[in-house]
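K.L.:
coordinates only, sequence not included:
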């Protein structure tokens with residue numbers, strides 16, 4: 001009896017298999033299907049330098065200088081949310097809404113930083 005049940009179970013399992021053939025095609029889509037592949041892609045700037053600055057009123061500010069030379073991120077707390085400041089041209093003072101400003105460069109030892117609640121002041125690395 002057990003042999004018959006096992007044979008019946010195996011037959012049911014084999015009958016459930018899909019016997020259709022599957023075709024797998026290697027390669028990408030046709031050339032005209034991916035029109036965005038030829039578009040000029042500009043990657044976001046990378047972090048060039050990360051520095052912490054102590055300002056005249058004893059506030060510590062963290063700045064990540066970006067490689068485009070005209071933007072940076074500013075944080076007043078090391079684990080805080082960064083605020084992007086930017087300028088139209090490299091080397092110009094950077095700013096963002098809400099009272100954020102940054103003047104200087106990643107290579108200089110002191111910069112001028114403005115954060116909400118603290119006016120623009122000199123800060124040293």
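P.N.:
Arrived safely. All of these numbers come straight from a predicted model, not from anything done at the bench.

K.L.:
any idea which residue sits dead centre in this structure?
P.N.:
residue 44 (8.1 Å; CA atoms, centre = their mean).

K.L.:
Tell me who's in contact with that residue.
P.N.:
Residue 44 sits next to no residue when contact means CB atoms under 8 Å, 6 or more residues apart in numbering. From N, CA and C alone the C-beta is placed, and that goes for glycine too.

K.L.:
same thing with residue 123?
P.N.:
Under the criterion of CB under 8 Å, 6+ apart, the contact list for residue 123 reads 53-56, 61, 110-113.

K.L.:
From these, list the buried ones, please.
P.N.:
Among the contacts of residue 123, those that count as buried by neighbour count (16 or more other CB atoms under 10 Å) are 53, 55, 61, 111, 113.

K.L.:
What ranges does this protein have for its strands?
P.N.:
47-55, 60-66, 71-75, 83-86, 94-96, 100-103, 110-115, 118-124 (DSSP state E).

K.L.:
now for the shortest one, which elements pack on it?
P.N.:
Packing contacts for strand 94-96, counted by 3 or more CB pairs under 8 Å, 6 or more residues apart in numbering; DSSP states H and E, involve strand 71-75, strand 83-86, strand 100-103.

K.L.:
tell me the mean pLDDT for that strand?
P.N.:
Here the mean pLDDT over strand 94-96 is 94, rounded to a whole number.

K.L.:
wait, what's in contact with residue 116?
P.N.:
Going by CB under 8 Å, 6+ apart, residue 116 touches 98-100.

K.L.:
7 Å instead, please
P.N.:
For residue 116, the set of contacting residues under the criterion of CB atoms under 7 Å, 6 or more residues apart in numbering consists of 98-99.
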